[in-house]
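1. quick one: sequence and predicted model below, then my questions.
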Amino acid sequence: MKQYGLRAMSEQSEILRACREWRISARSDHPRIYFTRDEIPGLKAKAEKCKWIYDRLMNRCDGFLKSPIERLSCFDDLYNAAKNFMIDLCVVYVLTDDERYAEKIRWIIQRFMEFDSWILHEHRYPPASSRMIDLAAAEVSFSFAVAYDCLYDYLSQSERRAIENAIDSRAIKPFLYAVRNRSEWWIKPEQASSNWRSVICGDVGSAACALAENLEDAKTCIEEALSGVISVLDCGGIDGGWSEGIGYWGYGIGRAVHFADIIKRASDGMVNLFAHPYLRVTGNFGLYCETPDGGSFNFSDCRYEPPNAWLMARLAREYRNPYWQWCAERNMQGRILELLYYDPSLKSRAPLNLNPSMHFKGIDVAVLRSGWSRRDTFVGFKSGSTATHHPQLDINSFIICAYGRRLVEDLGLWSYAHASGFFWTWGPRWDFDANSTLGHNTILVDGEGQRYGSQYYGRIVRFSTSKCYDYLVSEGHRAYGELLDRFVRFLVFLKPNLIVIVDDLRSSRERRFEWLLHYSGRLVELNDELRVINDTASLDVLPLKPAETDDLVIGKVERVSIYNAEVGRVRHINRYLSISPLHKKSKYQFVIAMYTHPSSPSYSRKWTAEISKCTDESISLKGRIDGYDYMIKFNLAAEDVTVNID
């Protein structure tokens, strides 16, 4: 990830200086974290105006009221059941004055108090956990702070005192111990890009803001939390990207923005973390990574879900960005932070006048689109480092969506299994297909994939976008260690439907090169043509090299992984198409053309693509598509592309 320059360093220093100079007032008014008592009528009016958010919120909370979570016997189960509802119930109680919500929160608090440790089982390790803090402890502590704030008059004095003591002993003191002694992995300097740091610092700092007048170390805690969050933001891509992927961006950067909102309110605007340059641009990461079908380019350990709507809403509100507001409005899930952060006075605007394609240079991830509608074609491309948090060995991999469906997929997130080595990057992590090269749309060499480490990486060396076509060139051989001397992937997107990939491979000795395509839907062979069909969308797959007249091996593979995970016994499937020359080669070029189109029983291929020239120095491709002729020249030596359209 890229670091920010001198101007950014000055802004970050100014934020920290403002925090040191901020004098916390001895106020005892509640609520105040998200709103004051005087602001409650306005919030109720907003709920009426934004019923499309509020009604979903109420349905979620009313459903949760019926859940018997008080019977859960272990901390992990209670945490997982309650973590997405505690804050929502607290604010809904303020909006409705319905004591059922307050009583549910009271029961949850009492249950959490019964546990000696708020550390998740998989995060516990020697020494004793009383001086440890993890994501769960930080999140529960902040939820307690919101309950204290919103239910202040409902709770008894003894209950409030118990909450204060719990936050101090379970969060504030362990946090300060970890920071002062560098006793936890997430506080080490080299771990600044982990979501752990932003979540723990953000939530503990927010809890300290909420109860500042009653916590002895509140100001010190807030300053350390702010410093920790800034160090995370400093690791963000210069253009807003995040190497942990869109899901952990929504979580880790989401909690950083949440803290920014709380400390800005608490300090009456004096401490403005929104001045950080990363936050000014990072909304584009959510905007561009959302796929047309409502999912996302889910590289790293991320689910196929849209970007965090409340994060997009808060960023849109702060920077008055109508495109980010458009993204937020499309993806509301009925969460309280969506209602709190959404500004209905900011008119959203579809990003039709923005270039639909973007290269996030800070993390070497590219997004190529034919447009912004639900049926447009979307290509996501992943290069960059393997040595990130939640890494996958996915250099030079890609996904494709079109006509409202996924066609080429990233396996994304498989079930976490700490005890089975899911996070042990020295070896066992790569036995899970979703994490390894075997689970991505890239190259295998002698059946082996990429390596993990700072010396193993890819790099997008060219990226060009225009109205009619986009292309990129990415070097990936370094990710394979000694297996490859050269792996340059060329990707050309002739909008709106044709994607051509050329891979130029070279090794010091003869090896078996294997080209992988993980399809979503069904893979069928019709009239000697390969086609992926997923409901309303289809993808023609035309291997030009190796061609059907060459000696080649085509495999349709389905692997099933069954293992014990945190959620129990799980079963995950890895299905892919494999294409390779029959014999081992020391150098080889793959040429694969793919075409997206609506599914139809009467469809017959009208587009054409053929290789007109192929040497070690260049490959030329010509064909006809959608009524026009095209010529693409891949200059392998110069790692460049020329496109001509007639």
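-> Yep, it's here. Only a predicted model underlies this, so the values are computations on that prediction, with no experimental measurement involved. Numbers count the residues shown, from 1 in each chain.

2. quick one, domains of this protein?
-> Split into domains by automatic domain parsing, the chain comes to 6-341, 358-599.

3. in a strand, H30, correct?
-> No. Read with DSSP: H, G, I helix; E, B strand; the rest coil, H30 is coil and lies in no strand.

4. now do the one helix or strand R60 maps to: which elements does it pack against?
-> R60 belongs to helix 51-65 when assigned by DSSP states H and E. Using 3 or more Cβ pairs under 8 Å, 6 or more residues apart in numbering; DSSP states H and E, the elements in contact with helix 51-65 are helix 40-49, helix 86-96, helix 99-113, helix 336-341. Heads up, the C-betas are built off the backbone N, CA and C, glycines and all.

5. between helix 86-96 and the longest one, find me the angle.
-> So the one you mean is helix 99-113. 150 degrees (axes from the mean of the first three to the mean of the last three Cα atoms, to 10 degrees).

6. just put the helices and strands packed on helix 51-65 in CSV and tack on mean pLDDT and distance to D540.
-> CSV is the format used below for the helices and strands packed on helix 51-65 (pLDDT from 0 to 100; distance: least, Cβ to Cβ, whole Å):
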stretch, mean pLDDT, distance to D540
helix 40-49, 97, 47
helix 86-96, 97, 46
helix 99-113, 95, 53
helix 336-341, 98, 40
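
7. put the alpha carbons of the helix holding R60 into CSV.
-> Listed in CSV are the C-alpha atoms of helix 51-65, where the atom choice follows Å, rounded to 0.1, in the frame of the first residue of the first chain:
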residue,chain,number,x,y,z
LYS,A,51,-39.5,4.8,6.3
TRP,A,52,-37.8,2.6,3.7
ILE,A,53,-34.9,2.3,6.1
TYR,A,54,-36.8,2.6,9.4
ASP,A,55,-39.4,-0.1,8.6
ARG,A,56,-36.7,-2.6,7.8
LEU,A,57,-34.9,-1.6,11.0
MET,A,58,-38.0,-2.2,13.0
ASN,A,59,-38.7,-5.6,11.4
ARG,A,60,-35.1,-6.7,12.2
CYS,A,61,-35.4,-5.5,15.8
ASP,A,62,-38.9,-7.0,16.4
GLY,A,63,-37.6,-10.3,15.1
PHE,A,64,-34.7,-10.2,17.5
LEU,A,65,-37.0,-9.6,20.4
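
8. neighbouring contacts of it?
-> 47-48, 85, 88-89, 92, 100-101, 104, 332-336, 338-339, 342 (Cβ atoms under 8 Å, 6 or more residues apart in numbering).

9. the helix or strand where R197 lies - what's its average pLDDT?
-> According to DSSP H and E, R197 maps onto helix 195-210. The average pLDDT within helix 195-210 is 97.

10. show me what secondary structure element comes after it.
-> Next element after helix 195-210 (DSSP H and E): helix 218-233.

11. pull out the buried residues from that next one.
-> Residues of helix 218-233 classed as buried: 218-219, 221-233 (neighbour count, 16 or more other Cβ atoms under 10 Å).

12. and for stretch 41-58?
-> Those buried within stretch 41-58 under the rule 16+ other Cβ under 10 Å are 46-47, 50, 53-54, 56-58.

13. stretch 496-507 too?
-> Buried-residue list, stretch 496-507, by 16+ other Cβ under 10 Å: 497-507.

14. and the angle from the helix holding R197 to helix 218-233?
-> 150 degrees.

15. surely D470 is within a helix?
-> No. When three-state DSSP is applied, D470 is found to be strand, with no helix at that position.

16. is it in a bridge, and if so with what?
-> T465, F493 (DSSP bridges).

17. F493 is in contact with that one, correct?
-> Yes. If you go by Cβ atoms under 8 Å, D470 and F493 touch, sitting 4.6 Å apart.

18. circling back to that earlier point, filter the contacts of helix 51-65 down to the buried ones.
-> Among the contacts of helix 51-65, the ones that count as buried by 16+ other Cβ under 10 Å are 47, 85, 88-89, 92, 101, 104, 332, 334-336, 338-339, 342.

19. out of those residues, which two sit at the greatest distance?
-> Across the buried ones among the contacts of helix 51-65, the longest distance by Cβ to Cβ is 24.9 Å; it joins K104 and Y342.

20. now the domains of the chain in a markdown table, with distance to R349?
-> A markdown table is the format used below for the domains of the chain (distance: least, Cβ to Cβ, whole Å):
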| stretch | distance to R349 |
| --- | --- |
| domain 6-341 | 4 |
| domain 358-599 | 11 |
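
21. for A637, which of those is the nearest?
-> Between the domains of the chain, domain 358-599 lies closest to A637; by Cβ to Cβ that is 9.3 Å.

22. centre of the chain versus the closest one, how much separation?
-> Mean-position distance between domain 358-599 and its chain equals 18 Å (Cα atoms, centre = their mean, to the nearest Å).

23. what mean pLDDT does that domain get?
-> Domain 358-599 comes out at a mean pLDDT of 97.

24. how about stretch 293-301?
-> 96.

25. re the thing from before, among the domains of the chain, which is nearest V641?
-> Nearest to V641, of the domains of the chain and by Cβ to Cβ, is domain 358-599 at 4.5 Å.

26. turn the helices and strands packed on helix 51-65 into CSV, including distance to A147.
-> Output for the helices and strands packed on helix 51-65, formatted as CSV (distance: least, Cβ to Cβ, whole Å):
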stretch, distance to A147
helix 40-49, 17
helix 86-96, 5
helix 99-113, 5
helix 336-341, 13
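
27. go through the ones you listed and name the closest to S10.
-> helix 336-341 (28.1 Å).

28. C-terminal to that closest one, what's the next element?
-> Heading C-terminal from helix 336-341 (DSSP H and E), you reach strand 358-360.

29. ok, now which ones touch the most centrally placed residue in the chain?
-> Geometric centre of the chain, nearest residue: I246, 1.6 Å, by Cα atoms, centre = their mean. By Cβ under 8 Å, 6+ apart, I246 lies in contact with 285-286, 289, 296-299, 302, 307.

30. on that earlier part again, who touches both of D470 and F493?
-> Residues touching both D470 and F493 (Cβ under 8 Å, 6+ apart) are L368.
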